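Asks: Okay, sequence plus prediction incoming.
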Amino acid sequence: MTDPNRLTLADARDALRAGDLTSVELTEACLSAIDGSGALNAFVHRTPDMARDMAAAADARIRAGDAGPMTGIPVGIKDVFCVKGVPSQAGSRILEGFVPEYESTVTRNLWAAGAVMLGKLNQDEFAMGSTNESSCYGPAVNPWRGAGGVQLTPGGSSGGSAAAVAA
């Protein structure tokens with residue numbers, strides 16, 4: 001099989017449904033890639049234990065024939081969206097130490113659809129920027145380089161997401 005991190009979303013979904021790949025295997029491949037790309041500063045709160053638990057539950061749902069559209073697919077969550085029990089700072093020092101006791105609508109819908117959380121992604125402070133340089137975590141780094149090796153911004157307020165996908 002192809003490297004799980006090289007699969008498109010649709011190919012990963014199809015491989016999961018066909019039993020050619022498990023969510024646990026796909027999630028482990030993603031977690032390894034995240035560990036190997038720490039210099040990009042894309043992920044600011046990693047949730048490997050949560051990811052493994054969610055992947056195992058997704059595999060059980062798939063086996064039971066109860067797979068939703070995102071069941072077993074690993075995702076990163078922008079730091080602006082609250083996830084119950086996971087630090088959420090929206091890229092700002094003002095919210096340092098904030099751990100929500102509730103789930104955002106966005107993530108609640110993703111979990112209902114069977115998605116697997118890898119962690120929280122870097123972003124501009126309060127998602128108000130265009131270069132991802134105002135994050136309290138420091139800037140996310142674009143893994144691609146411009147002419148002559150010039151460092152490029154990964155883009156707007158979702159720079160962590162962009163860097164993770166590009167990597």
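Replies: Good, I have the coordinates.

Asks: which sections of the chain are below the confidence cut-off?
Replies: 1 (pLDDT under 70).

Asks: One more pass at 90, please.
Replies: 1-2, 68-69, 129-134, 145-157, 166-167 (pLDDT under 90).

Asks: What is whichever helix in it runs longest packed up against?
Replies: Using DSSP state H, we find that the single longest helix of the chain is helix 48-63. With contacts taken as 3 or more CB pairs under 8 Å, 6 or more residues apart in numbering; DSSP states H and E, helix 48-63 sits against helix 9-18, helix 23-35, strand 116-121. Yep, even glycine has a C-beta here, placed from its N, CA and C like the rest.

Asks: so residue 123 touches residue 89, yeah?
Replies: No - using CB atoms under 8 Å, residue 123 makes no contact with residue 89, being 9.5 Å away.

Asks: residues bridging contact with those two, i.e. touching both?
Replies: The overlap between the contact sets of residue 123 and residue 89 (CB atoms under 8 Å, 6 or more residues apart in numbering) consists of residue 79.

Asks: These two: which is more packed in?
Replies: Higher neighbour count among residue 123 and residue 89: residue 123, with 30 against 23, using other CB atoms under 10 Å.

Asks: neighbours around the closest residue to the more buried one other than its chain neighbours, how many?
Replies: Nearest non-adjacent residue to residue 123, counting by CB to CB, 6 or more residues apart in numbering: residue 91, 4.6 Å away. When neighbours are counted by other CB under 10 Å, residue 91 registers 30.

Asks: do residue 86 as well
Replies: Neighbours of residue 86 under the rule other CB under 10 Å: 20.
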